[in-house]
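**Q** fold the following and give me the result.
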Amino acid sequence: MDRFSFVMVLFSIIVGLGITELLRNVARQIQLGHRTKFYWVHGFLVVAVFVSLLQQWWEGWDQRNVEAWSFDVMLLMLGGPIGLYIITHLLYPRQLDGLDLKRFYYESPRTLYVIAAATAIIGTVYRPVAFGDKIIDPDNAASAVMVLVFLILAATRREKVHIILVPIVLAAILLDVFIFIPTIE
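**A** Predicted coordinates for the structure are as follows:
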């Protein structure tokens, strides 16, 4: 087993656990049908987290040429998937039966979005700190804007702010995936 494969095993497990947690909860929500009240902003956030988990795994391929790995670099690399896993866990409560997802969403966004901001910060500084890449580049500029948006979402429970910003978050994540990393070579 080469170094890349060794490091990517743990990375892939954490991403896989996040995807499993998310899909399990979506399946429970579908299974409960009308007994769980759907909220579209929450649904957009679920899709954004799902795409972000896939994006983490997809971008992991870029690490294949790293010749030496240190423990601190590995910890930084795992920061994104760990943050996203925690977010997937916070997206749904244990009990979904009879749940109003709109009420649940507005009761608990602060912690989720603070973790999202921290995860975006780790993702922004990972390559510059670990490998000496430039911190100022278009991909990192987008991440900096996302940190600001997450902090705004954490600071307010105003529905109009969330209705505007959460779709923008999803659109930004999708644009990032399709503009910066559409293929792996």
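**Q** could you pull out the helices for the protein?
**A** 3-32, 40-60, 71-90, 101-107, 109-131, 138-155, 159-180 (DSSP state H).
**Q** so what touches the second one?
**A** Contacts of helix 40-60 with the rest of the structure, by CB atoms under 8 Å, 6 or more residues apart in numbering, involve 8, 11-12, 15, 18-19, 22, 26, 80-81, 84, 87-88, 91, 101-102, 104-105, 162-163, 166-167, 169-170, 173-174, 176-177, 181, 184. No exception for glycine: its C-beta is placed from N, CA and C like everyone else's.
**Q** on that earlier part again, can you add mean pLDDT and mean neighbour count and give the helices of the chain back as TSV?
**A** As requested, the helices of the chain are arranged in TSV below (pLDDT from 0 to 100; neighbours: other CB atoms under 10 Å):
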stretch	mean pLDDT	mean neighbour count
helix 3-32	93	16
helix 40-60	94	19
helix 71-90	94	19
helix 101-107	91	16
helix 109-131	90	19
helix 138-155	87	17
helix 159-180	91	15
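**Q** contacts only, for A118.
**A** Counting by CB under 8 Å, 6+ apart, A118 has contacts G83.
**Q** ignore what I typed, I meant F150.
**A** Contact analysis of F150 by CB under 8 Å, 6+ apart lists Y113, V114, A116, A117, A120, V169.
**Q** out of those residues, which is nearest to F131?
**A** Nearest to F131 among the contacts of F150 is A120, at 18.5 Å by CB to CB.
**Q** surely the closest one touches V147?
**A** Yes: assessed by CB atoms under 8 Å, A120 is found in contact with V147 at 4.7 Å.
**Q** quick one: common contacting residues for these two?
**A** What both A120 and V147 touch, as defined by CB under 8 Å, 6+ apart, is an empty set.
**Q** A118 versus A154, what's the distance?
**A** 10 Å (CB to CB, to the nearest Å).
**Q** actually L78, sorry about that
**A** Taking CB to CB, one finds L78 at 13 Å from A118.
**Q** and what of G33?
**A** 35 Å.
**Q** could you do F6 as well?
**A** The value you get for F6 to A118, if CB to CB is used, is 26 Å.
**Q** kind regards, and thank you for your time.
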